[in-house]
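A.B. asks: structure for this input, please:
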Amino acid sequence: MNENRNKLKLITLTGIFTALTYVLTAFLHVPTIKGYVHIGDAVIFLAGSILPTPYAVFAGSVGAALSDALSGYLIWVPATLIIKAATALLFTSKNKNIICAHNLIALLPALVICVGGYGLYSGTVIYHSIAAGFADAAANAVQTISSAIVYVICGLSLSKVKVFKRVNP
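C.D. replies: I've put the predicted structure just below:
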């Protein structure tokens, strides 16, 4: 019985993180020349720090891809699925605190994956020019850095209220 309850809790939390990623990406963003900058990545970082890996990967990649698909940026969905899944894989939920050394260090490769992934995808698939693909690199860097700041603030707050005791029995 307890195993089913824990599974239900994980599925519910995954749905919440998926929805939060979608909402913070689709509705709370600043338009740029080629797309938009958002703080939805902060939720992906949190999901990776709280949920077991497969659940975090689902929440991050599906929530962000839904935002692309339903906001008129369908061409970005394949890249988003891969980039956000890879991003969620960087974080660990195996520490008693959300903000730990591992998760802080993970913010650097998250920046590289976001900027590099979208630059390569748009340069090869969309614009057929690597230079054109990386023209929006600064906006992607701002997005990841802004999300990192929100992640640290939220992560410290959630650790203070001992969210892990409530999520993991």
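A.B. asks: ok, the residue lying closest to Ser122 once chain neighbours are set aside - contacts?
C.D. replies: In space, and not counting its chain neighbours, Ser122 is closest to Gly133: 4.1 Å by Cβ to Cβ, 6 or more residues apart in numbering. In this view, the C-beta of every residue, glycine as well, is placed from N, C-alpha and C. By Cβ atoms under 8 Å, 6 or more residues apart in numbering, the residues touching Gly133 are Tyr118, Gly119, Leu120, Tyr121, Ser122, Gly123, Thr124, Ile126, Tyr127.
A.B. asks: which parts of this protein are strands?
C.D. replies: Using DSSP state E, the strands of the chain run over 29-31, 36-38.
A.B. asks: burial check on the residue lying closest to Tyr36 once chain neighbours are set aside, number of neighbours?
C.D. replies: Nearest non-adjacent residue to Tyr36, counting by Cβ to Cβ, 6+ apart: His29, 4.0 Å away. By the criterion of other Cβ atoms under 10 Å, His29 has 17 neighbours.
A.B. asks: looking at it, His29 is touching Val37, isn't it?
C.D. replies: Yes - in terms of Cβ atoms under 8 Å, His29 counts as a neighbour of Val37; the distance is 6.2 Å.
A.B. asks: mind checking pLDDT for the residue nearest to Tyr36?
C.D. replies: pLDDT for His29: 78.
A.B. asks: same question for Asn6.
C.D. replies: 88.
A.B. asks: go on, Val37?
C.D. replies: Val37 is assigned a pLDDT of 80 by the prediction.
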